[in-house]
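Visitor: take this sequence and fold it.
(one chain, ligands or ions: 1)
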Amino acid sequence: MTPTNYKRILLKLSGEALAGPSGYNIDPAVLEQYSKEVKQVVDLGVEVAIVIGGGNIFRGVSGERSGIDRVQGDYMGMLATVINAMAIQSSLEKQGLYTRVMSAIKMEQVCEPYVRRRAVRHLEKGRVVIFGAGTGNPYFTTDSTAALRAIEIEADVVLKGTKVNGVYTADPMKDKTATRYTSISFQDVYEKKLNVMDLTAFTLCQENNLPIIVFNMNEPGSLLRVVQGDEGTGTLIK
Ligand code: UDP
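Guide: Numbering: from 1, shown residues only. Model (predicted):
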């Protein structure tokens, strides 16, 4: 077993990432890859909690354009995250992991209600806990959910799995000279107006001294490398 930097992590995955190249629904290949990546860190003895978005199925804001009331749309978005949580649960179980989905909105036939102490107990027993239904409140995001739950369960770090390798000086897709920060302070992210998470989520992390690592979840082995403290992978914000 190789040493790890963290005892307990909160992994944030966007719903869109789960969709793969098509941009919607759930891609079984992505699901399987993500589950294998998670298994690698669970096998190291790391306690893993996951927050997954719902953007591949529904977003409150975009619902507004189709004539759906914002609050109603946000609840629909939260339900979408539960669908993704169930998908990832099933896939993680195929990898032989023990899991629990805990929802901020009660739906007892499907998953457990979120109770902080129970979540911590599950983690201590080595179960992967997937937090569904966001914060349970409209006008929030799953990034904010990730920050909030990470603080509640006293995770050591929020790992934000994205499609890019970290935080760059400029958009690497548009600017060839853009370079990746290995590490950057919360203050510098603010001042340089770099896009890491929405401000609510970002402020929650900063005020609670909760570091964030942005990394590329689609690059095989990167989750493991991040957990092992490899500075060549991702960007640490602290
Ligand atoms: N949402 C919400 N409250 C929360 C979390 C999520 O209302 O606490 C809704 C919101 O409409 C959001 C949608 O759920 O657009 C899906 O979450 P998000 O957009 O964060 O997913 P991602 O972009 O990560 O796929």
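Visitor: show me where the protein has its helices.
Guide: 15-18, 28-43, 60-65, 70-94, 116-124, 142-152, 186-191, 199-207, 222-227 (DSSP state H).
Visitor: contacts for stretch 155-163 next, please.
Guide: Here stretch 155-163 makes contact (C-beta atoms under 8 Å, 6 or more residues apart in numbering) with 5-14, 17, 34, 49, 143, 146-147, 149-150, 196-197, 205, 210-218, 223, 226-227. Heads up, the C-betas are built off the backbone N, CA and C, glycines and all.
Visitor: what of stretch 93-102?
Guide: Under C-beta under 8 Å, 6+ apart, the answer for stretch 93-102 is 32, 35-36, 38-39, 42, 82, 85-86, 89, 92, 110-115, 118-119, 122, 125-132.
Visitor: equivalent analysis for stretch 67-78, please.
Guide: Outside stretch 67-78, the residues that touch it by C-beta under 8 Å, 6+ apart are 54-55, 58-64, 104-105, 133-134, 136, 138-140.
Visitor: buried subset of these?
Guide: Neighbour counting with 16 or more other C-beta atoms under 10 Å marks 54-55, 58-60, 63, 104-105, 133-134, 136, 138, 140 as buried within the contacts of stretch 67-78.
Visitor: give me the subset of those residues lying in strands.
Guide: Assignment to strands by DSSP state E places none of the buried ones among the contacts of stretch 67-78 there.
Visitor: restrict these to those near the ligand?
Guide: Restricting these to those within reach of the ligand (C-beta under 6 Å from any ligand atom) leaves Gly54, Gly55, Arg59, Gly60, Gly134, Pro138, Phe140.
Visitor: in a markdown table: those, plus distance to Met78 and pLDDT.
Guide: Below are these laid out as a markdown table (distance: C-beta to C-beta, whole Å; pLDDT from 0 to 100):
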| residue | distance to Met78 | pLDDT |
| --- | --- | --- |
| Gly54 | 7 | 95 |
| Gly55 | 12 | 92 |
| Arg59 | 11 | 89 |
| Gly60 | 9 | 85 |
| Gly134 | 5 | 98 |
| Pro138 | 8 | 97 |
| Phe140 | 9 | 97 |
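Visitor: from the residues you listed, pick the one nearest Asp188.
Guide: Phe140 (25.4 Å; C-beta to C-beta).
Visitor: give me the distance from stretch 168-179 to the chain's centre.
Guide: 24 Å (C-alpha atoms, centre = their mean, to the nearest Å).
Visitor: list the beta-bridge partners for the residue nearest to Glu124 when sequence neighbours are not counted.
Guide: Once flanking residues are discounted, Glu124 sits nearest to Glu47: 7.1 Å by C-beta to C-beta, 6 or more residues apart in numbering. Beta bridges link Glu47 to Arg8, judged by DSSP bridges.
Visitor: thanks a lot, catch you later.
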